[in-house]
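[1] Coordinates only, no sequence provided:
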């Protein structure tokens, strides 16, 4: 089991950086604080990439082979039909703390994205929520529309509420539960219970929101039976629309939904069974997992 789970919440040690600072200063400070020498092969590989003439098209996603947040960005890139390549860092070799990567993301975590299409200057973005917003806003500006985003301020606010909920309350809690369950130096049952319970609370919020969306959809599309549903004479589960896709915002999939996919995909590893405990979340996730862009991203196809 441990081999299949990324060290999502490993305690990356902070490197205090003062300005001005050189790449060699960052590397030396990292090595002195962690007593870990950066693997020369890894450093050379990344230096070679970043010293090359920058491409003038596409994107480079810097990630890890089993990082849900990295695959989350891959899904968005795939949905938007952007061309991208991927660099997978090796955390065991300390590649996330090489000067070249810290120049892109001073926090030393994945994912990070390099946009090679900006003619004025190469753009680097870090933090998954910021990367997602950058990509959909760019698509909107380029083409005048973006199917997984919105040009309506009110709808944007609803989408952003779910995006920030995911990045601040969903993935961090799952990450902490995974850390204490698989990677912490000692067994701390109270920590595992605390974070797993919080993940269940978060899924309770999603379950209620999706159930309300389903009820509204059934009442709208199955109007001839609406009175029977309202009176409790017929359960909603008997409606032919009971398995119809429902989304968190509007009548289509958006980044509000897609940002949850990859973490939903690994939550069983902390003992949460979405199908049994949160059936609406399960159906919602299953709908997204069937999307061709999601399949391509999860397979690592670029």
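    Cool, the structure landed. The model shown is predicted, which means the values in this text are computed figures rather than measured ones.

[2] Kindly confirm whether my reading is correct that residue 176 touches residue 195.
    Yes: with contact defined as CB atoms under 8 Å, residue 176 reaches residue 195; the gap is 4.4 Å. Any C-beta I mention is one placed from the backbone N, CA and C, and that applies to glycine too.

[3] separation between residue 153 and residue 160?
    Distance, residue 153 to residue 160, using CB to CB, to the nearest Å: 10 Å.

[4] An error on my part: the question was meant for residue 229.
    Shown here: residue 229 relative to residue 160, a distance of 32 Å by CB to CB.

[5] With neighbour numbers in mind, choose between residue 153 and residue 160.
    residue 160 (16 against 7; other CB atoms under 10 Å).

[6] which residues in the stretch 1-150 of the chain form strands?
    59-63, 84-88, 112-115, 123-126 (DSSP state E, counting those that start in this stretch).

[7] May I have the phi/psi pair for the residue nearest to residue 254 when sequence neighbours are not counted?
    Closest residue in space to residue 254, ignoring its immediate chain neighbours: residue 148 at 4.9 Å, by CB to CB, 6 or more residues apart in numbering. The phi/psi pair for residue 148 (degrees, to the nearest 10) reads phi -100, psi 10.

[8] same thing with residue 67?
    Backbone torsions for residue 67, taken as degrees, to the nearest 10, come to phi -100, psi 110.

[9] Now do stretch 159-174, average pLDDT.
    Per-region confidence: stretch 159-174 scores 97 on mean pLDDT.

[10] So what's the gap between it and the chain middle?
    9 Å (CA atoms, centre = their mean, to the nearest Å).

[11] For it, what is the spacing between the initial and final residues?
    For stretch 159-174, the first-to-last residue distance is 21 Å (CA to CA, to the nearest Å).

[12] which residues sit against that stretch?
    For stretch 159-174, the surrounding residues in contact (CB atoms under 8 Å, 6 or more residues apart in numbering) are 8, 68-69, 127-129, 132-133, 149-150, 195, 198-199, 202, 205, 248-249, 254-257, 259-260, 263, 266-267, 270.

[13] Now, these that are in helices?
    Residues of the contacts of stretch 159-174 located in helices (DSSP state H): 68-69, 128-129, 132-133, 195, 198-199, 202, 205, 255-257, 263, 266.

[14] Using the centroid of this protein, identify the residue furthest from it.
    Most distant from the centre of the chain: residue 233, at 41.1 Å, with distances by CA atoms, centre = their mean.

[15] what ranges do the helices span in this structure?
    23-34, 40-51, 68-79, 99-102, 128-143, 153-165, 171-178, 189-221, 226-230, 255-258, 261-266, 274-277, 279-289, 292-299.

[16] Just the buried ones from the contacts of stretch 159-174?
    8, 68-69, 127-129, 132-133, 149-150, 195, 198-199, 202, 248-249, 254-257, 259-260, 263, 266-267, 270 (16 or more other CB atoms under 10 Å).

[17] Let me have the strands of the stretch 1-150 of the chain in TSV, extended by mean pLDDT and mean neighbour count.
    Compiled in TSV, the strands of the stretch 1-150 of the chain are given as follows (pLDDT from 0 to 100; neighbours: other CB atoms under 10 Å):
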stretch	mean pLDDT	mean neighbour count
strand 59-63	92	23
strand 84-88	90	17
strand 112-115	94	23
strand 123-126	92	17
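
[18] can you put the ones you listed in JSON lines and add distance to residue 278?
    What follows is those, written out as JSON lines (distance: least, CB to CB, whole Å):
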{"stretch": "strand 59-63", "distance to residue 278": "27"}
{"stretch": "strand 84-88", "distance to residue 278": "31"}
{"stretch": "strand 112-115", "distance to residue 278": "31"}
{"stretch": "strand 123-126", "distance to residue 278": "31"}
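
[19] So for residue 188, which of these sits nearest?
    strand 59-63 (28.8 Å; CB to CB).

[20] what's the span of stretch 232-246 from first residue to last?
    One end of stretch 232-246 to the other measures 22 Å (CA to CA).

[21] How far away from the center of its chain is that stretch?
    Worked out by CA atoms, centre = their mean, stretch 232-246 lies 30 Å from the chain centre.

[22] which outside residues touch it?
    With CB under 8 Å, 6+ apart, stretch 232-246 has contacts from 210, 213-215, 217-218, 221-222, 225, 228-229, 253, 280, 283-284, 287.

[23] Nearest to residue 117 among the residues you listed?
    residue 253 (24.8 Å).

[24] Hmm, residue 290 and that closest one touching each other?
    No: at 11.0 Å, residue 253 does not count as touching residue 290 under the criterion of CB under 8 Å.
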